[in-house]
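1. Sequence first, predicted model second:
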Amino acid sequence: MNDQLLKSLNKKQYIAIIKSQEYKQLLTQMSKRIIQYSKTAPNEATIESFFDSELFMIFRNIFEPIGFTYNPIKEKAISTERHITKGRADTAVGTFIIEFKRPLTLDSSISQKNAIEQISEYLNGLENDTPNDTPIVGFITDGLKGCFVNKSDGVINAEPFQPISYAILDKIIQNIIFLSLTALNSKNLVDSFCNPPTNDGVAFGLLNALYSGLNNRCVLELARN
């Protein structure tokens, strides 16, 4: 199969989807569900979980059939200038990160300013390991409202906070797809399985489980002998 033709076809299908009224209606309904759920959510973890489940559903039903997947890295370790220890972004998709906040904690200008400063630190950290032509974008949300923050040419730019809406969700999805998550290059694999520099990703968990299993088996064999 001609990969170039397939990519071209997928792109045409993607454009047709995002320009359709049905897609706009789906994302509008999705935004209403997120807002309604977030109003009574007890903490940021529950908002993050619900937000993720909605994104997974959209990708599974609409975008995976044409070659685009949502495969985030949770609690991604990122070097920051302000802190000696590594910061951890709630959700990272390549150079697009999402930070979740407790319900109703982005109502004041001070809390919004603090949230923007935090995610700006993450964007600065990502820039160190990112090619110059790769966009670096962050999104902050408490499930009710959100703000996009991007870094370009060394300059941080924060957009105004806006209620979660079709337009906000569409921009999140376009950032995810633009960063080509489906590309199985060596960096994506290392990030997904190892989560450097802390090296606490799924690969290390599997290795620990394997080692533990082998060690237990050796103990049992020695006991039998």
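-> Structure's in. What do you need?
2. Tell me how many other residues surround Phe50.
-> For Phe50, the count of nearby residues is 17 (other CB atoms under 10 Å). C-betas here are computed from N, CA, C, even on glycine.
3. I'd assumed Gln36 was in contact with it.
-> No - using CB atoms under 8 Å, Phe50 makes no contact with Gln36, being 10.0 Å away.
4. What is the burial count for Leu26?
-> Around Leu26 there are 18 residues (other CB under 10 Å).
5. so what's it up against?
-> Contact analysis of Leu26 by CB atoms under 8 Å, 6 or more residues apart in numbering lists 58, 62.
6. How is it assigned, secondary-structure-wise?
-> Assigned state for Leu26: helix (three-state reduction, DSSP: H, G, I helix; E, B strand; the rest coil).
7. Could you report the separation of it from Gly67?
-> To Gly67, Leu26 is 19 Å away according to CB to CB, to the nearest Å.
8. where's Thr105 relative to Thr141, distance?
-> 10 Å.
9. Counting neighbours, go ahead and name the busier of those two.
-> Set side by side, Thr105 and Thr141 show more neighbours around Thr141, with 26 against 14, by other CB under 10 Å.
10. so what's the more buried one bridging to?
-> Phe100, Gly146 (DSSP bridges).
11. Next, the contact list for it, please.
-> Counting by CB under 8 Å, 6+ apart, Thr141 has contacts 47, 51, 98-101, 106, 147, 164.
12. mind giving me CSV with those residues and columns for pLDDT, distance to Ile73 and neighbour count?
-> Shown next, in CSV, are those (pLDDT from 0 to 100; distance: CB to CB, whole Å; neighbours: other CB atoms under 10 Å):
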residue, pLDDT, distance to Ile73, neighbour count
Ile47, 95, 18, 23
Phe51, 96, 15, 26
Ile98, 94, 11, 24
Glu99, 94, 14, 23
Phe100, 95, 15, 24
Lys101, 93, 19, 24
Leu106, 92, 24, 22
Cys147, 96, 21, 20
Ile164, 97, 23, 22
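13. For Val155, the count of nearby residues, please.
-> Using other CB under 10 Å, Val155 has 7 other residues around it.
14. quick one, phi/psi of it?
-> phi -110, psi 130 (degrees, to the nearest 10).
15. I appreciate the help and will end here.
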